[in-house]
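A.B. asks: Take a look and give me a structure for this.
(chains A and B)
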Amino acid sequence: MTSGDTVTASDTARRPASRARLATITGLLVLAGVVLLLVSVGVAITLGPADILLVNVRDIVANHLGVTDIPVKLSKDAIVWEERLPRAFVAAACGAGLGLCGVIMQSLLRNPLADPFILGISSGASTGAVAIGILGLGGASIGLSGGAFIGALVAFGLVLLLSRLSGGGTDRVVLAGVASTQLFSALTSLIIFAFADSDETRGVMFWLLGSLEGVRWDDVALCAIVVVAGSLLCLRYAHALDAFAFGEDVAASLGIHVARTRAILLIATALITATLVSVAGAIGFVGLVLPHAARLLVGPRHGRLIPATAIIGAIFMVWVDAGSRVAFSPTPLPVGVGTALVGVPVFIALLARRRRRG
Amino acid sequence: MTLHAEQVSWNRGGALVVDGVTLHPEPGQTVGLLGPNGSGKSSLLRLLHGLVKPTAGLVTLDGVDLASVGRRRIARSVASVTQHADTDVDITVRDIARLGRIPHRSGLGGDTAADETAVDRALAHVGLLDQAGRLWHTLSGGERQRAQIARALAQEPRELLLDEPTNHLDIRHQLELLDLVCALPVTTVIAIHDLNLAAMYCDTVVVLRAGQVVAAGAPGEVLTAALIADVYGVVAEVTLDVERGYPVVTFTRSAGPSPSR
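C.D. replies: The predicted model follows:
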């Protein structure tokens, strides 16, 4: 080991200092990201009809937090506090949560094209929610979220089963996802056309494309809890997710309990997806594209990739939502349309990059 | 005391893939697993690493049943390099070696100075220290194998399990890789196809057929024309290269031009 010793002697001396600096930089970057997110939320809220300034947003938020008591027009207060603010927060949670799901799936399934939408998990969740909402299966006790959760789990199970039956290769996962997406989309359409009246149909279709219309503070609380808990869980498994880079055998040889880790993280993914779909519909391509964007910035190690993806995802979705709210005002564009318009070109670029590599 | 196999058998879907194998490598030795395709070499390595549980018999680490040792503890003592490791991740050579530190980490902690020292040492060992910033998909076959070995060495194991590490390498890289492996201060069990490389580099060879050990011992004693004919069904001549001190296997064509003598 002599050759190694000569190299490390000089390195160990300067490393601790540079490590401490690195940790400080990482902390500052996370802080900067959170500040940028809050600024984005504040600015995004001012966009749209009704003349709202950033100062108004500040006053309204401060009033509701009980810090100040500044007189603000009631209509402005309602628009900011009851509509746009919860909507922006749910958008942020969706971006962070779906990005997180993409990170986990891409690592565990070892496929850079994996995300809840491509693999049909979102479609399964939609079918579940529609089955509850229109058919009334299971009664009120389950609710839309419960239906979406069951649908997501069923779809996930189906994808894993199909990919195993077809040989279990990493490309098979995507093929299985295509089959699953088609199946659940067809089931959803079937339920809508056969059982829904025209009002229900319009409502459901809008929601299937991803929509943040009419979200409330209840939704913010639900999404925030699920996404924050999911982020912390993923961070705890950051090393394990790194270990999957070269497959399950290498992960196991690095001391990872492969079956347990997979089960915990994939169920967590299904839970996050199901919750977000039940609130905001099937928003596509966020989970696919954001992890790659984050990897370009911070590299593939999950200790940094997870917070980076969550923050970038949150900021991205806040702006996409604001954009789709304003673009064809007063007609709101479903937010899923906006994410797909951004996501598809990136998806194609990723495919081309894989091909170049052979 | 090291990693031992005691009469291990493994039944995969009704087929007895490994059948009553006993293996006691001496510390620091290089043990070659030989045998035709499907003779159970890779399966035996998977059993030795605890990736699958034996259906009969016992694998022990320091005398303790491997099944009762935690995965992390195994990973701190035993490292392996498999045949088909590949990834789509844009990962650097240094980050690959860093993977080897995972079993030594606790919770969320970042890289410690000890981690980085072990990573540097592992990279220096395989000669990739100056290539540490390169990405996996830009590496040649030989460099990929060395990067994986660096990952395994960063685990600071006492036992190294290698499954046909010289596959797809040109002859120079085959020799370089085996020179490297044999110089490591660890016990190595290596599945290998090339009988001459096994004769050159292994202290002990174990010949498997249909999951059973048919011969074991020093290459000079085990690798005979009779055994090769029996196990592989090919005609070969074995001569001892006195100058170099190991046997040399020369194969005979089964058809075509007959030998001149």
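
A.B. asks: Tell me where the chain is predicted with low confidence.
C.D. replies: In the absence of a named chain, this looks at chain A. Along chain A, the parts satisfying pLDDT under 70 run over A:1-22, A:137-142, A:168-170, A:202-207, A:354-358.

A.B. asks: Please refer instead to chain B.
C.D. replies: Ranges of chain B meeting pLDDT under 70: B:1, B:107-110, B:255-261.

A.B. asks: Centroid-nearest residue for it?
C.D. replies: Nearest to the geometric centre of chain B sits B:Leu162, at 2.1 Å (Cα atoms, centre = their mean).

A.B. asks: what's that one sitting at in phi/psi?
C.D. replies: Backbone torsions of B:Leu162, given as degrees, to the nearest 10, read phi -120, psi 130.

A.B. asks: Without its sequence neighbours, what residue ends up closest to it?
C.D. replies: The shortest distance from B:Leu162 to any non-neighbouring residue, by Cβ to Cβ, 6 or more residues apart in numbering or on different chains, is to B:Ile190 (4.4 Å). Bear in mind the C-beta positions are built from the backbone N, C-alpha and C, glycine included.

A.B. asks: Same question for B:Gln212.
C.D. replies: B:Asp19 (4.7 Å).

A.B. asks: wait, isn't that neighbour in contact with B:Arg209?
C.D. replies: No: counting by Cβ atoms under 8 Å, B:Asp19 stays clear of B:Arg209, with 9.7 Å between them.

A.B. asks: what's the burial count for A:Asn56?
C.D. replies: 20 (other Cβ atoms under 10 Å in any protein chain shown).

A.B. asks: and it, helix, strand or coil?
C.D. replies: Here A:Asn56 is recorded as helix under DSSP: H, G, I helix; E, B strand; the rest coil.

A.B. asks: quick one: the residue nearest to the spatial centre of chain A from chain B, how far?
C.D. replies: Residue closest to the mean C-alpha point of chain A, counted by Cα atoms, centre = their mean, is A:Leu98 at 1.2 Å. A:Leu98 is 20 Å from chain B, where distance means Cβ to the nearest Cβ, to the nearest Å.

A.B. asks: host element of that residue?
C.D. replies: Element membership of A:Leu98, judged by DSSP states H and E, is helix A:85-108.

A.B. asks: Tell me which other helices or strands that helix touches.
C.D. replies: Judged by 3 or more Cβ pairs under 8 Å, 6 or more residues apart in numbering or on different chains; DSSP states H and E, helix A:85-108 is in contact with helix A:2-46, helix A:217-236, helix A:238-243, helix A:258-280, helix A:286-298, helix A:302-326.

A.B. asks: Give me the neighbour count for residue 55.
C.D. replies: If you meant another chain, say so; for now it's chain A. Other residues within reach of A:Val55, judged by other Cβ under 10 Å, total 11.

A.B. asks: right idea, wrong chain: chain B
C.D. replies: B:Thr55 has 14 neighbours, counted by other Cβ under 10 Å.

A.B. asks: Chain neighbours aside, what residue packs nearest to it?
C.D. replies: B:Asn11 (4.3 Å).

A.B. asks: My reading is that that neighbour lies in a helix. Confirm?
C.D. replies: No: going by three-state DSSP, the assignment for B:Asn11 is strand, not a helix.

A.B. asks: In this structure it contacts B:Gly40, no?
C.D. replies: No: using Cβ under 8 Å, B:Asn11 is not in contact with B:Gly40; the gap is 11.6 Å.

A.B. asks: okay, and the common contacts of these two?
C.D. replies: By Cβ atoms under 8 Å, 6 or more residues apart in numbering or on different chains, B:Asn11 and B:Gly40 have these common neighbours: B:Val17.

A.B. asks: who has more neighbours, the two?
C.D. replies: Comparing B:Asn11 with B:Gly40 by neighbour count (other Cβ under 10 Å), the higher total belongs to B:Gly40, at 26 against 14.

A.B. asks: OK, contacts around the nearest residue to that one once chain neighbours are set aside?
C.D. replies: Spatial nearest neighbour of B:Gly40, chain neighbours left out: B:Gly211 (4.0 Å); criterion: Cβ to Cβ, 6+ apart. Taking Cβ under 8 Å, 6+ apart as the criterion, B:Gly211 is in contact with B:Ser9, B:Trp10, B:Leu16, B:Val17, B:Val18, B:Asp19, B:Val21, B:Ser39, B:Gly40, B:Ser43.

A.B. asks: ok, which stretches of the stretch 1-150 of chain B are helices?
C.D. replies: Secondary structure of the stretch 1-150 of chain B (DSSP state H, counting those that start in this stretch): helices at B:41-48, B:71-77, B:93-99, B:113-125, B:141-154.

A.B. asks: Turn the ones you listed into TSV, including mean neighbour count.
C.D. replies: Formatted as TSV, those follow (neighbours: other Cβ atoms under 10 Å in any protein chain shown):
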stretch	mean neighbour count
helix B:41-48	24
helix B:71-77	19
helix B:93-99	26
helix B:113-125	22
helix B:141-154	24
